[in-house]
Each structure stands twice: as C-alpha cells, then as structure tokens.
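1. Kindly generate the corresponding structure for this input.
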Amino acid sequence: MGLLDFIERAPAWQFWAAVLGVTLLAFWWCLRGFRSLRRARLIEDTPTARIRSAPQGFVELAGRAVNLPGEPILTPLSGRACVWYAYRIERWEPKGRGGRWISVDQGESEAIFALEDGTGRCIVDPAGAEVMTRRKQSWRGRDRWSIPPPGHHDFLGRYRYSERWLEPGDPLYALGWFETLPGEGEGGMVDEVKALLRRWKRDRRGLLRRFDIDGDGEIDPREWRLVRKQAEKEVLQRRMNRPAVSAVHLLRRPPCPPYPFLLSAFPQIRLVKRLRYQGVAYLSGFVLACAMLAWVFQLRFS
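-> Next comes the predicted model:
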C-alpha cells in the first residue's frame, strides 16, 4: 500500500495513530528548535567573567582544561589521558535484511578537573553537564570484553566502540553555576579525598555494601570511579561548612532548572552558530511536519 492509498483507505485507528506520531514529532522539533535558539541568545547575552573576579551564581567562563593533582583520568576503552570522557559500546543485531545497533554499555566521567583562564583556577564538577568535544573516535571489534585498540578496522565486527574526550590543555568554554568555597586549597582537598578513600578501604564490608552495584563481591574499575566521585562530593560538602581559610572556586550544575550547564571545546562564536543552525533545522522540520499534516487532512477528508 502506497502513501496515498494509506492516507485515503487506511482504517481510522491506523490513520489517527500515524497522525498522532507525526504531531508528537513536530511538537518535539518545535521545543528543540526554540531551546537551541534560546541557548544561543543566552550565550550571547551572558558576559564572559574572569575567575579572579567572577560573581557568585550563573556565569560564563573561558580558558583551558587542566587536571588536578592526584590519580590521572583515563578513558575506559583506549586508556587515553584526559580530563573528561564519554564512551559507548554497541552491538549489531541483525533483523530481516537489515539490523540496528543496540547500546550494551555507556557512561561518562564525573571526576572533577579544573579550568584556568590566566587569572585563577576553578574546579569543574561535570556531573549533569552537556559536554561538546572536538576529540572523538569510533572503531569496531568482535568481542564485548576484549576491546581492540583504536584504529582497528574490523568491518565485520559485531561490536562498535566510541569515545569522546577532553584533553589537558584543550580550550574550554563553560556556562554554569559559580561558587567560592572555604577550604585549604586544591592540594589540601586532594589529600582529604585520598584520606577518605583510605578510610573507606579499611571498612571493606561497608565499601561493598555502598558501591558493589553488580553484587560480585569486588569493586571493579567502573564502581571505583563512583567511589572516587562520591568521596570528592563529600569532601566538597565538608569544605562548604568550614570557616574560610583560602578560596576554592567551583563550577557546577545550576540549581535552577532553566539555566543550562554547558562545557564546550568550541569557542563561543562557533557554539552560537551551531546552536542557531540546530534551532533553524528543528523549526524547519516542525513547519514541514505541519504542512504535511495539512496535506494529509485535505486528502483524507476532501
């Protein structure tokens, strides 16, 4: 049955189900379009602050990403040194003459790092951030667990691996919630995190009870990243309740939902253009979907 035959002769429930699907898609495109344009306008209207004199609250910062002292952050698939990463593992599932990729594992880093702009350093807590990176790669292999190195071209492999990451020294544009916390500086905070981790390790039963997600009696690397992230959060919370000794600047997810939390390796001008193009594309799709619905109703009921 062709499209015209379906529009004119399909049972009422099939016709209205298709109309509902197109309507929901058009509504989603409309929301995404206005959201992208609103973000582009917000970025243009928010002045870039310097870390040394940044106001408390919602700010825009620009500088370079750097690692904090302590254990290095590595991408989980390729082992690259980075400040932030996101990864995904997908499996090809044949179906009929075609098939589709199904995600079997994915995740992203929530370890803290820092942003420097020449006037100071600000700790970045990336939890909940929308991160846009320049660096990404994808490759394929035959095994879920024995992941081949990047650049491995196995076009028949059922598994596809992909990573995105930010490297130390990469330019970083940030839009988020800025706070100045009391504490003894970054080195002291790293030492506190290490001390807290050592204390948790001594209580193995308690550590497993809190963080052994898969219940295998061991803390694997993925669970250990959660342990480290929780320790960093608890140390930051403690420092917020101490008398001020020296300032520690923190950028995190805004507590107010209307404000976005963006971390981008692209400069502000390019980011604004990208968001505007996205907004126009989504709104164009919305207009086309509305025109299509009008045409469909005219054919069905004329």
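
2. can you give me the helices for the stretch 1-150 of the chain?
-> Here the stretch 1-150 of the chain has its helices, by DSSP state H, counting those that start in this stretch, at 3-9, 12-45.

3. hey, least reliable of those by pLDDT?
-> Note on those: lowest mean pLDDT is at helix 3-9, with a mean of 72.

4. that older thread, deepest of the helices of the stretch 1-150 of the chain, which one?
-> Mean neighbours per residue, mean count of other Cβ atoms under 10 Å, is largest over the helices of the stretch 1-150 of the chain for helix 12-45, with a mean of 14. In this view, the C-beta of every residue, glycine as well, is placed from N, C-alpha and C.

5. Can you spell out the domain ranges of this protein, please?
-> Split into domains by automatic domain parsing, the chain comes to 1-45+275-302, 46-266.

6. What average pLDDT does stretch 126-134 get?
-> Stretch 126-134 carries an average pLDDT of 93.

7. Sort out which residues of it are buried, please.
-> Burial within stretch 126-134, assessed by neighbour count using 16 or more other Cβ atoms under 10 Å, is assigned to Pro126, Ala127, Ala129, Val131, Met132, Thr133.

8. Distance to Glu90 for these - can I get that in TSV?
-> Putting the buried residues of stretch 126-134 into TSV (distance: Cβ to Cβ, whole Å) gives the following:
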residue	distance to Glu90
Pro126	23
Ala127	24
Ala129	23
Val131	20
Met132	21
Thr133	19
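
9. quick check, nearest of those residues to Trp92?
-> Among these, Thr133 lies closest to Trp92 (Cβ to Cβ), at 24.9 Å.

10. Just list the residues touching the closest one, thanks.
-> By Cβ atoms under 8 Å, 6 or more residues apart in numbering, the residues touching Thr133 are Trp84, Ala86, Arg164, Trp165, Leu166, Ala265.

11. quick one: which two of the residues you listed are the most distant?
-> So, the contacts of Thr133 by Cβ to Cβ: farthest apart are Ala86 and Ala265, at 12.6 Å.

12. Need the winner for burial among the domains of the chain.
-> Compared across the domains of the chain, domain 46-266 shows the largest average neighbour count, a mean of 16 (mean count of other Cβ under 10 Å).

13. end-to-end on that domain?
-> 17 Å (Cα to Cα, to the nearest Å).

14. How far off centre is that domain?
-> Put simply, domain 46-266 sits 9 Å off its chain's centre (Cα atoms, centre = their mean, to the nearest Å).

15. What of stretch 34-42?
-> On Cα atoms, centre = their mean, the centre of stretch 34-42 falls 18 Å from that of its chain.

16. hmm, who's touching that stretch?
-> Contact with stretch 34-42 is made by Leu175, Pro260, Leu262, Val272, Leu275, Arg276, Gln278, Gly279, Tyr282, Leu283, as judged by Cβ under 8 Å, 6+ apart.

17. now, which of these lie within strands?
-> Leu175, Leu262 (DSSP state E).

18. Which members of the contacts of stretch 34-42 are the farthest-apart pair?
-> Farthest apart among the contacts of stretch 34-42 by Cβ to Cβ are Leu175 and Leu283. That separation is 22.6 Å.

19. what packs against the lowest-mean-pLDDT helix or strand in the chain?
-> Counting by mean pLDDT, DSSP states H and E, the chain has its least confident helix or strand at helix 3-9, which shows a mean of 72. When contacts are defined as 3 or more Cβ pairs under 8 Å, 6 or more residues apart in numbering; DSSP states H and E, helix 3-9 sits against helix 12-45, helix 268-301.
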